[in-house]
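# sequence first, then the predicted structure, then my questions.
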Amino acid sequence: MNKYEHLLMIRMSGTISTKAEQTRQQFTAQIVRNIKDALKSANIPFLIQRTRIRLYVETPDLAAIPVLSRVFGIQAIARVQRRPFETLEDVVAAGFELYKDAVVGRTFGISPKRSGDRNKINFNSGKVSVALGQALKPLSAGVDLTHPDVWLHVELHPGRAFFYTDEVAGPAGLPLGVEGRALSLISGGFDSPVASWMMLNRGINLDYVFFNLGGTAHRRDVLQVLDVLAGRWSAGGRPRLYEVDLRPMIEHFRQCVPERFWQVILKRLMMRGATRIADKMGHLALVTGEAVGQVSSQTLHNLVTIDRATEALIMRPLIASHKDDIVEFSKRVGTHDISAGAQEYCALTPNKPATRMTPAQAVEAEADIDFTLLDAAVDAAIIYNLRDLDPEKLDLDTPSLDHIPEGAALVDLRDQRAFANWHWPGAAHMDYFDALKNWRELDKKRTWVLVCEVGLKSAGLAEAMRRAGYDAYSFKGGAPRLIKRAAELTDPLLADLFSPVALD
């Protein structure tokens, strides 16, 4: 291996080192396959060499380091200098030559380590620290083994010494693909992407299912999140997304199910739909981002009731997590900014949701649901191959405006109480579900602007109207931005007081 100028040494996860020899070999082989996939996908040339305890990648492009730092099963990556040796003096001479400039005027510490067959190295690591430290100390600001300006690492293998000053952490965990395949219920929010990442970190290949309740706007958020999970974190896998359009059955569901049970029954419907896909495609489990007590549908009682909708194993890696910790972890995953701007579908949010629903109550509440509508929606699912998908090339724009054009009619889709509390002067009120049924009765010659709580319901309805030839738009940002717009027009200095939620 001398074709390329940069040599990278890869330490594998400590979890792998504890495995039996045969399992270790299998896991190492999977990491090698995943590394090859990651670097080939990034168009980075490389050579790779495998030993029992280390992997070595030779490459002309240091962009390989951030790519490798997202391969599961890798503990750390270091750019190293390799030198042959026979004696302690050889190691010291090589270390002095490589590190002499790095320690000038700085404090340093030496971290030596012997690896491989130690019986073939006739001196211990302590002697390396003493001898190399004595050689470098006159050039430096002194030795500091607590917080030095620079750490000097020396890793000794029989006949070869590897020198490096820095290493980049990998995600550790298990190699993707060693633990089978599961199906993750995904949304554009913070929780499900983080839960999915945690399962990927345990070696589980994931496909994803997305139950679309809000049209293009809802799809856009999800595809952007999955572009991160599939593009950055799925080396070695070929994840798919199943998009199930639940919108056709929402009105039916709303009429059949008592309002206070909407959230729990909707989750049970999603579990049934996901199980149907999992059974067909051979997924071993379902994955969700639920955490106990985070919202009304995630109380312990309600989670038990949701579980009873399926015989599938439901894995909830965030079950005891705090929201703040999940949001912080999403920064590591790379989905934070997308999730922060994602919109949440709120048309099925009851005023007084049930927090202690029993399985018996769920069965009773579902008595009049036509489950063939769910089966039809699942059978019609759109399938995306996520590693081949470029969200930038998809038509994910929603028809939206940030102003009310002159002569346009504004329709407020919020509930009657919110509309009565405040609405844009001259706006008409239509219940969202009434609007879904009756929008074709609106005057096709007019321009229509729709507004809802956050802009998701209005975007979906405007999308449907435009497909039918209407000049229809969603007000961008929903009611909070409209309130702010009204304040700006009347008294700009007070605008922020009328906008209690973050709009950008």
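Structure received.

# going forward, measure contacts and count neighbours with C-alpha atoms only.
OK.

# quick one: contacts for residue 263?
When contacts are counted by CA atoms under 8 Å, 6 or more residues apart in numbering, residue 263 is found next to 297, 348, 349, 350, 353.

# what's in contact with stretch 108-122?
Against stretch 108-122 from outside (CA under 8 Å, 6+ apart): 53, 87, 124-126, 128-129, 133, 140-146, 148-159.

# buried residues in it?
Burial within stretch 108-122, assessed by neighbour count using 16 or more other CA atoms under 10 Å, is assigned to 108, 109, 110, 111, 112, 113, 114, 121.

# which of the residues in the helix or strand where residue 363 lies are buried?
Using DSSP states H and E, residue 363 falls within helix 359-365. Neighbour counts over helix 359-365 (16+ other CA under 10 Å) mark 359, 362, 365 as buried.

# which SSE is immediately downstream of that helix?
Taking DSSP H and E, what comes next after helix 359-365 is helix 371-379.

# average model confidence for that following helix?
The pLDDT scores in helix 371-379 average 95.

# check for me that residue 199 belongs to a helix.
Yes. According to DSSP: H, G, I helix; E, B strand; the rest coil, residue 199 belongs to a helix.

# so the residue nearest to it when sequence neighbours are not counted versus residue 189, what's the distance?
Spatial nearest neighbour of residue 199, chain neighbours left out: residue 317 (7.5 Å); criterion: CA to CA, 6 or more residues apart in numbering. Shown here: residue 317 relative to residue 189, a distance of 16 Å by CA to CA, to the nearest Å.

# residue 173 too?
24 Å.

# if we can go back for a sec, in contact with the residue nearest to residue 199, which residues?
195, 198, 199, 287, 288, 289.

# ok, residue 240 next?
By CA under 8 Å, 6+ apart, the neighbours of residue 240 are 206, 207, 208, 383, 384, 385, 386.

# can you say which helix or strand has the third one in it?
Spelled out, it's residue 208. Assigned by DSSP H and E, residue 208 falls in strand 205-212.

# okay, now the residue nearest to residue 135 when sequence neighbours are not counted: neighbour count?
Counting by CA to CA, 6+ apart, residue 135 lies nearest to residue 96, which is 6.8 Å off, once chain neighbours are set aside. Other residues lying near residue 96 total 17 when counted by other CA atoms under 10 Å.

# where along the stretch 351-500 of the chain do the helices fall?
Using DSSP state H, counting those that start in this stretch, the helices found in the stretch 351-500 of the chain span residues 359-365, 371-379, 416-421, 432-438, 456-467, 478-490.

# can you say which of these is packed in most?
Most buried of the helices of the stretch 351-500 of the chain, by mean neighbour count (mean count of other CA atoms under 10 Å): helix 456-467, with a mean of 23.

# got the angle for it vs helix 478-490?
Relative orientation of helix 456-467 versus helix 478-490 (axes from the mean of the first three to the mean of the last three CA atoms, to 10 degrees): 90 degrees.

# export helix 456-467 to CSV, keeping only CA atoms.
Taking C-alpha atoms only, helix 456-467 is exported to CSV below (Å, rounded to 0.1, in the frame of the first residue of the first chain):
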residue,chain,number,x,y,z
LEU,A,456,-49.5,22.4,6.5
LYS,A,457,-53.2,21.9,6.1
SER,A,458,-53.6,25.0,3.9
ALA,A,459,-50.7,23.9,1.7
GLY,A,460,-52.3,20.5,1.1
LEU,A,461,-55.6,22.0,0.3
ALA,A,462,-54.1,24.7,-2.0
GLU,A,463,-52.2,21.9,-3.8
ALA,A,464,-55.4,20.0,-4.5
MET,A,465,-57.2,23.1,-5.7
ARG,A,466,-54.4,24.1,-8.1
ARG,A,467,-54.5,20.6,-9.6
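
# what does that helix contact?
214-218, 343-347, 398-400, 413, 432, 436, 439-440, 449-452, 471-475, 478.

# over to stretch 47-55?
1, 9-12, 17, 25, 32, 56-59, 116.

# of the contacts of residue 263 - the most surrounded one?
residue 297 (27 neighbours).

# so how many other residues sit close to residue 59?
Using other CA under 10 Å: residue 59 sits among 23 other residues.

# my read is that it contacts residue 43, right?
No. Using CA atoms under 8 Å, residue 59 is not in contact with residue 43, being 11.3 Å away.

# which of the contacts of helix 456-467 are buried, as a ChimeraX select command?
Applying 16+ other CA under 10 Å to the contacts of helix 456-467 leaves a buried subset, and the ChimeraX line that selects it is:
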select :214,215,216,217,218,343,344,345,346,347,398,399,400,413,432,436,439,449,450,451,452,471,472,473,474,475,478
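
# among the contacts of helix 456-467, which are in strands?
400, 449, 450, 451, 471, 472, 473, 474, 475 (DSSP state E).

# mind listing what the residue nearest to the fifth one when sequence neighbours are not counted touches?
Looking back up the chat, that one is residue 471. Once flanking residues are discounted, residue 471 sits nearest to residue 447: 5.1 Å by CA to CA, 6+ apart. By CA under 8 Å, 6+ apart, residue 447 lies in contact with 407, 408, 409, 470, 471, 472.

# and residue 447, how close does it get to residue 410?
9 Å.

# and for residue 331?
Residue 331 is 38 Å from residue 410, by CA to CA.

# more neighbours: which of the two?
When residue 331 and residue 410 are compared on other CA under 10 Å, the one with more neighbours turns out to be residue 410, at 23 against 13.

# list the contacts of that one.
404, 426, 427, 428, 448, 449, 450, 451.

# with residue 251 instead?
residue 433.

# looking at this, it is in a helix?
Yes. The assignment for residue 251 by three-state DSSP puts it in a helix.

# center of the chain - which residue?
Taking CA atoms, centre = their mean, the centroid of the chain lies closest to residue 193, which sits 3.3 Å from it.

# ok, that residue - contacts?
186, 187, 225, 226, 229, 289, 330, 335.

# count the neighbours of the third one for me.
Just to be clear, that refers to residue 225. Neighbours around residue 225, by other CA under 10 Å: 26.

# could you do the last one as well?
Residue 335 is flanked by 23 other residues according to other CA under 10 Å.

# with the first one instead?
Number of residues near residue 186 (other CA under 10 Å) recorded here: 28.

# what does the fourth one give?
Here the neighbour count serves as a burial measure; for residue 226 (other CA under 10 Å) it reads 27.

# following the chain onward from the helix or strand encompassing it, which element is next?
Per DSSP H and E: residue 226 is located in helix 216-233. Using DSSP H and E, the helix or strand that follows helix 216-233 in sequence is strand 240-245.

# please name the strands paired to that next one in the sheet, noting orientation.
strand 205-212 (parallel), strand 382-385 (antiparallel) (DSSP bridges).

# can you show me the CA trace of the shortest one as CSV?
Put plainly, it is strand 382-385. Output in CSV follows, covering the C-alpha atoms of strand 382-385 (Å, rounded to 0.1, in the frame of the first residue of the first chain):
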residue,chain,number,x,y,z
ILE,A,382,-45.1,5.2,-3.4
ILE,A,383,-41.7,3.7,-3.0
TYR,A,384,-38.5,5.7,-3.1
ASN,A,385,-34.9,4.3,-3.3
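
# how does this structure divide into domains?
Under the assignment automatic domain parsing, the domains of the chain span 6-169, 181-393, 400-498.

# so what does residue 287 look like in phi/psi?
phi -130, psi 130 (degrees, to the nearest 10).

# er, residue 76 actually
Taking degrees, to the nearest 10 as the convention, residue 76 sits at phi -160, psi 160.

# quick one, what contacts the residue nearest to it when sequence neighbours are not counted?
Excluding its sequence neighbours, the residue lying closest to residue 76 (CA to CA, 6+ apart) is residue 169, at 4.3 Å. Shown in contact with residue 169 (CA under 8 Å, 6+ apart): 69, 75, 76, 77.
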